[in-house]
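1. from the sequence below, what's the structure:
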Amino acid sequence: MNGSLAGFEEHRLAELKEHVAARAAAERAGRPRRRIVMALAAGTAVAAAAGAITVSSVGGAAPAYAVTKDSDGVVHVTVRDVAPGDLPDVKGLTRQLQELNVPAVVDYVPAGRKCREPRGAVVTDVPGGLYRTPTNVPGDPGAWRMQIDTKLFKPGQTFVWTLYVDPVNGWNGTSTILMRDPVAPCDPVPDDRPHYLAKTPPPWVRATSLGGYRVEGRTVGKVLPEIGRRGLKATYLVTEPAPDRPRDPDMPYVMYPTRQNTPVGGDWLVWQADESTKGTIRLYVTRTLAFPRHR
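-> Numbers count the residues shown, from 1 in each chain. Model (predicted):
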């Protein structure tokens, strides 16, 4: 995304909570663990409403898809998980969308990469209803569906769809944005953008193996012995206070994929931990805390 769309802001909070609650209920029922998380890229008010959507599907699998078109010119796209290790068929998805009169280009970038910017001019006057916010598919907890109205595209516009791996959690995701032609091909380069992090990890990755031990505000040097005593391993997510705080007090830190090789010392501070991999505690570390230290 270009500079005007570089950050992310919370949107449709009620819907997001509804998605999380539904997925939590599915997990308690013994279904495969999958989550859908939505955010909208920050831009103009109109663009935020219909011009840039990010959807992430948790579960470590690239998305499979089905594309259909009804008599009103509305294209329905369904995305669901497939086997881990499979790569998304971006050429096939591009071809199917174009055959149904969606002027789209679909690309894939791995974790820690992004398409070189700018790729083209962003359309800010996106018509309402061009496509709808993705929704869950009833009876299929691993799938989501969106609609695209082909009648609302103007000549010389391209629906740019990028499938990616989230650099923080390894989730599969998609982002879409409407651009004016010409649109440059995706040239994968290191992802140097700030990725905003919430204060509290979602329930499905919380570090339950630490019991009631609190890491917040303690140094790496104090936390590592506790992790070792429990027979666990530790990794790091290198973070720093968000540059535009207090833009969102619930997301006070950012991580940059290009800075993850920074050596971490024992005097670094820990502000959060998760356990997305059983037996391995990932410590969110920083040189400077963005909120008061735990006593």
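2. which parts of this structure are helices?
-> 13-28, 45-50, 90-99, 220-229 (DSSP state H).
3. what's the third one in contact with?
-> So that's helix 90-99. Contacts to helix 90-99, defined as Cβ atoms under 8 Å, 6 or more residues apart in numbering, come from residues 65, 67, 75, 77, 104-108, 148, 159, 161, 163. (C-beta placed from N, C-alpha, C; glycine too.)
4. so can I have TSV of those showing neighbour count, pLDDT and distance to T200?
-> Converted to TSV, the contacts of helix 90-99 look like this (neighbours: other Cβ atoms under 10 Å; pLDDT from 0 to 100; distance: Cβ to Cβ, whole Å):
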residue	neighbour count	pLDDT	distance to T200
Y65	20	83	32
V67	18	92	37
V75	20	95	37
V77	23	90	32
A104	21	95	36
V105	20	95	37
V106	24	90	33
D107	19	93	32
Y108	22	90	31
I148	24	95	34
F159	23	95	35
W161	21	88	31
L163	21	84	28
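5. widest-spaced pair of these?
-> Checked with Cβ to Cβ, the contacts of helix 90-99 reach their widest spread between V75 and Y108, with 20.2 Å between them.
6. gap between the two ends of stretch 145-164?
-> Separation of the first and last residues of stretch 145-164 by Cα to Cα, to the nearest Å is 18 Å.
7. most distant residue from the middle of the chain?
-> In the chain, the residue that sits farthest from the middle, by Cα atoms, centre = their mean, is R229; the gap is 33.5 Å.
8. per-residue pLDDT of A242, please?
-> pLDDT, A242: 89.
9. for it, the count of nearby residues, please.
-> Neighbours of A242 under the rule other Cβ atoms under 10 Å: 19.
10. nearest residue to it other than its sequence neighbours?
-> What sits nearest to A242 in space, not counting adjacent residues and going by Cβ to Cβ, 6 or more residues apart in numbering, is V254, at 5.0 Å.
11. residues contacting that neighbour?
-> P194, H195, Y196, L197, T239, E240, P241, A242, P243.
12. now do 6 Å
-> Shown in contact with V254 (Cβ atoms under 6 Å, 6 or more residues apart in numbering): P194, Y196, A242.
13. could you do K222 as well?
-> Residues near K222 by Cβ under 6 Å, 6+ apart: none.
14. repeat for the one 5 residues further on
-> I227 makes contact with A234, I281, according to Cβ under 6 Å, 6+ apart.
15. likewise for G279?
-> Contact analysis of G279 by Cβ under 6 Å, 6+ apart lists L232.
16. how does it look with 10 Å?
-> Contacts for G279 (Cβ atoms under 10 Å, 6 or more residues apart in numbering) come out as S209, R230, G231, L232, K233.
17. from those, list just the buried residues.
-> Among the contacts of G279, the ones that count as buried by 16 or more other Cβ atoms under 10 Å are S209, L232.
18. ok, P110 touching Y164?
-> Yes: when contacts are counted by Cβ atoms under 10 Å, P110 is listed as touching Y164 (7.6 Å).
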